[in-house]
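[1] need a 3D model of the following:
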Amino acid sequence: MDIAKYLFLALFVVLVVKYSENIFSKIGNISSATVPLISGLAMAYVLNILMKKLEKIYFPKSKNEIINKSRRAVCIFLAILLIILILVIVALIVIPELVNAISVIITAIPKSVEDIINFIDTNSDKYEVIENTLTTMQIDINEISRGVMTFASSLLTGVLNSIILFASTMANSLVNFIISLVFAIYALANKEKLSYQIKKVMKAFLKNKSIEKINYVFHVINESFSNFIVGQCVEAIIIGGLCTAGMFVFSFPYAVTVGVFISVTALIPIVGAYLGAALGAFIILTVSPLKAVLFLLYITILQQLENTLIYPKVVGSSIGLPGIWVFAAITLGAGLGGIVGMLLSVPVAATIYKLFVDKVNKRLIEQEMKKE
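    A predicted model of the protein is given here:
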């Protein structure tokens, strides 16, 4: 009997090794297929936070049957509408200025190159060093021009290919987004029923003690993630508001645009505002390089104050995670999962920290009880 088990195990290993490529390919396909559903659950979780707030506002004490029955549907619709409205406003404020900044820089490049070439051509006789350098290096202005034109042609071809690839990716992403949104709406509309079904399955297969432990773990996870999302949004609004106010005070251009952009990027913990600052400086650069440098200096000081005073109070205290562990979690999350890893790292670390602290405190209490 034991020999049969080992033979079966050996056969299983051989089959896995032989067909590993197909197996991993199928696993990859399954993983890709579940992305819209996982995204839908994540979307539902975020919408649920806003939906619960709206349900408390939407005639909570009303005894009207129509209002009570429509509460969930209306609040789901309002939550989605509110988020879409915010995204549209941000896009209308930021995208035109960003496109304008890029077009200004692209327009300025040929003129700058032409000015440099004209300067060299005009002053080559006056400055012996330049003339000797050009002669020694055998630099041909016409050859440089042809090279620039060839590069521009290849760049244009690459841009066209990138546009086609981007359009294809966007179409696929749009389909996945629609599937995710539909799944999120269904999950929100039936969340009590889904919760009941999960509890029913757990009760059928698990002991009460195990169910209590699982419920507690999920309670901590929910608390950490919901507090983090709310705290991060509040923190992003604060840093964006302070940035805009300061830019008006110091007469920096594009104050509202840059402030909104920093609010959006600040949703990424700690480093998000720096990303927004880099893009803000890029936009300001089209008006004044000096003001772009001064803006970077200003936003660096503001970000240091925000990391020291605001973030620990608004986000750190809400999730119960000390600042040093927040920084460690973000660093680890960035290395493992990029931007998504950075977003998830803080609430995950807060959950682990809370569960570990509870376990330590429980063990200490048990040890004290044994001594008595």
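[2] C-alpha only now, for contacts and for neighbours.
    Will do.
[3] pLDDT of the helix or strand hosting residue 216, averaged?
    According to DSSP states H and E, residue 216 maps onto helix 208-249. What helix 208-249 shows for mean pLDDT is 89.
[4] tell me the gap between that helix and the middle of its chain.
    Centroid separation between helix 208-249 and its chain, computed with CA atoms, centre = their mean, to the nearest Å, is 14 Å.
[5] and if you look at stretch 314-330?
    The answer for stretch 314-330 is 18 Å, by CA atoms, centre = their mean.
[6] which residues touch that stretch?
    Contact with stretch 314-330 is made by 223-224, 227-228, 231-232, 234-235, 269-270, 312, 341-343, 345-347, 349-350, 353-354, as judged by CA atoms under 8 Å, 6 or more residues apart in numbering.
[7] before we move on, what about stretch 32-41?
    176, 177, 179, 180, 181, 182, 183, 184, 187.
[8] what mean pLDDT does it get?
    83.
[9] check stretch 355-368 too.
    In this model, stretch 355-368 carries a mean pLDDT of 86.
[10] in that stretch, what's buried?
    residue 355 (16 or more other CA atoms under 10 Å).
[11] tell me which residues are up against it.
    Stretch 355-368 is contacted from outside by 217, 220, using CA under 8 Å, 6+ apart.
[12] return the distance of that stretch from the chain's centre.
    Counting by CA atoms, centre = their mean, stretch 355-368 comes out at 35 Å from the chain centroid.
[13] before we move on, the earlier item: nearest to residue 277, of the contacts of stretch 32-41?
    Of all the contacts of stretch 32-41, residue 277 sits closest to residue 177, with 28.9 Å by CA to CA.
[14] how close does the closest one get to residue 287?
    According to CA to CA, to the nearest Å, residue 177 and residue 287 sit 37 Å apart.
[15] settle it for me: which of these two has more neighbours?
    More crowded of residue 177 and residue 287, by other CA atoms under 10 Å: residue 177, with 18 against 15.
[16] out of the contacts of stretch 32-41, which sit inside helices?
    176, 177, 179, 180, 181, 182, 183, 184, 187 (DSSP state H).
[17] out of these, flag the one nearest to residue 243.
    The shortest approach to residue 243 among those belongs to residue 177, at 32.2 Å (CA to CA).
[18] look up the closest residue to residue 73, ignoring the ones flanking it.
    Sequence neighbours aside, residue 189 is the residue nearest to residue 73 in space, at 7.1 Å (criterion: CA to CA, 6 or more residues apart in numbering).
[19] the one you found reaches residue 75, doesn't it?
    No - applying CA atoms under 8 Å as the test, residue 189 and residue 75 come out as separate, 10.1 Å apart.
[20] who's more crowded, those two?
    residue 75 (22 against 15).
[21] show the pLDDT at residue 18.
    62.
[22] correction: the previous question concerned residue 186.
    92.
[23] count the neighbours of it for me.
    14.
[24] how close does it get to residue 54?
    The spacing between residue 186 and residue 54, counted by CA to CA, is 18 Å.
[25] what's the answer for residue 76, then?
    Using CA to CA, residue 76 is found at 9 Å from residue 54.
[26] same deal with residue 191?
    As judged by CA to CA, residue 191 and residue 54 stand 16 Å apart.
[27] ditto for residue 301
    Counting by CA to CA, the gap from residue 301 to residue 54 is 37 Å.
[28] the two - which one has more neighbours?
    Taking neighbours as other CA under 10 Å, residue 301 and residue 54 compare with residue 54 leading, 19 against 12.
[29] to which secondary structure element is the more buried one assigned?
    helix 20-57.
[30] secondary structure class for residue 164?
    Counting by DSSP: H, G, I helix; E, B strand; the rest coil, the backbone at residue 164 sits in helix.
[31] now do residue 81
    Here residue 81 takes the helix state, with states given by three-state DSSP.
[32] same check, this time on the one 5 residues further on
    Using three-state DSSP as the criterion, the local structure at residue 86 reads helix.
[33] can you tell me how far it sits from residue 93?
    Distance, residue 86 to residue 93, by CA to CA: 11 Å.
[34] between these two, point out the one with more neighbours.
    Neighbour count, other CA under 10 Å: between residue 86 and residue 93, residue 93 has more, with 17 against 11.
[35] thinking that one is in contact with residue 257, fair?
    Yes - at 5.8 Å, residue 93 and residue 257 qualify as touching, with contact defined as CA under 8 Å.
[36] contacts only, for residue 241.
    Counting by CA under 8 Å, 6+ apart, residue 241 touches 259, 263.
[37] what about it, distance to residue 92?
    Residue 241 sits 18 Å away from residue 92, going by CA to CA.
[38] element containing residue 325?
    Going by DSSP H and E, residue 325 is part of helix 323-371.
[39] ok, back up a step: so can I have a markdown table of the contacts of stretch 32-41 showing distance to residue 204?
    Output for these, formatted as a markdown table (distance: CA to CA, whole Å):
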| residue | distance to residue 204 |
| --- | --- |
| 176 | 34 |
| 177 | 35 |
| 179 | 32 |
| 180 | 30 |
| 181 | 31 |
| 182 | 30 |
| 183 | 27 |
| 184 | 27 |
| 187 | 23 |
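[40] measure residue 349 to residue 236 for me?
    Distance of residue 349 to residue 236, given as CA to CA: 20 Å.
[41] among the two, which residue is more densely surrounded?
    Between residue 349 and residue 236, counted using other CA under 10 Å, the more crowded position is residue 236 (25 against 21).
[42] these two touch, right, that one and residue 270?
    No - the pair residue 236 / residue 270 is not scored as a contact, 10.3 Å apart, by CA under 8 Å.
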